[in-house]
Every structure is written in C-alpha cells, then in structure tokens.
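> Quick one, fold the following:
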Amino acid sequence: MRELAKAIGSFSWAMSLFGARQVTRLFRPAEAAEAFDGMAREASRRLGEELESTFELGDRMQRTMVDLTLGMVDVKAPDPDEWARASTQMAEGFAEMARRMADLARSWSERANDGAPTADEGADDGQEDGAGDGGESEGTASR
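Sure thing, here's the model as predicted:
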C-alpha cells in the first residue's frame, strides 16, 4: 500500500510539472501538441490490449469533435458533406464505444466474481443465523 501511495504521488508530481512545462509552450503550439500526443501514446500503451483499442476509438471521436467545433468558427463556409460525414462517424463511434464499454464492464464483473459465491450459494451454507462462527456474522465481526 505504501508503494502505491508513493507511485500515485510521483505520478501526480510528474503531471503537474508536465502541465507547467506545456504552459511555457503556449506560443509554440506544435511543440505542445507533440508533447501531449507523446504522453497520450505512452499512457495508452500502458492501458493494455483490452483498453488500448477503446482509447483509440475515443481519441478518434474527440479529434473529430474538435475538427467539427473548430470548423464552425473557421473563416470559410462549412461544407455540408463534411458535416454529414463527421456526424455519421461520431454516431457510429458513440455506438461502438457503448458496446465496448458494456463488454468491458461485463468482463470486469466476471473477473471480480470469479470464485466468489453467488447470493444463492452464500445463503445456503448449512448454518443458520451465524451458528458455528462464534455467533457473529461477517458484517458484525469488526464492530
């Protein structure tokens, strides 16, 4: 637990310094973008195969959203075909993201429940009202 706390502290400190460094690059947006992209790539590699593809999908979606948003304030007139294409991509992306998140939730839930008794299994253990365990149920033993 101590090592986890130290690692979280180190991560927070590194992100604070990274953010401060990017402030100095506000007038050099290409450098800042390259640094942010590098950090995002490294972080996504550490997500593992299961989440990396979900990250990539979400990243494409947010990049499309930025393009759409900034396209609205662009000097040239908006291209209706581009808007239709981007909107379709976004809708498809949201549907795919929802499917992936549901699959991940199901997978994580199954892993969390591996070996754990179900409500039915735990209820019928042959003992009534805590008999045989000192009279205390699991929930009251630490009180």
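> mind listing the helices in this structure by residue range?
For the chain, helices defined by DSSP state H occupy the ranges 2-23, 29-45, 49-72, 80-113, 119-123.
> Among these, show the one with the smallest mean pLDDT.
Among these, helix 119-123 carries the lowest mean pLDDT, a mean of 50.
> Near R100, how many other residues are there?
16 (other Cβ atoms under 10 Å). All C-beta spots, glycine's among them, are computed from the backbone N, C-alpha and C.
> got a list of what it touches?
Contact partners of R100, counting by Cβ atoms under 8 Å, 6 or more residues apart in numbering, are S53, T54, L57.
> 10 Å - rerun?
Applying Cβ atoms under 10 Å, 6 or more residues apart in numbering, we find R100 in contact with E50, L51, S53, T54, L57, G58.
> Show me which of the residues you listed are buried.
Buried residues within those, counting neighbours by 16 or more other Cβ atoms under 10 Å: T54, L57, G58.
> Closest one of those residues to S12?
G58 (22.9 Å; Cβ to Cβ).
> ok, and the closest non-adjacent residue to the closest one?
Leaving aside its chain neighbours, G58 sits nearest to M97 (6.2 Å; criterion: Cβ to Cβ, 6 or more residues apart in numbering).
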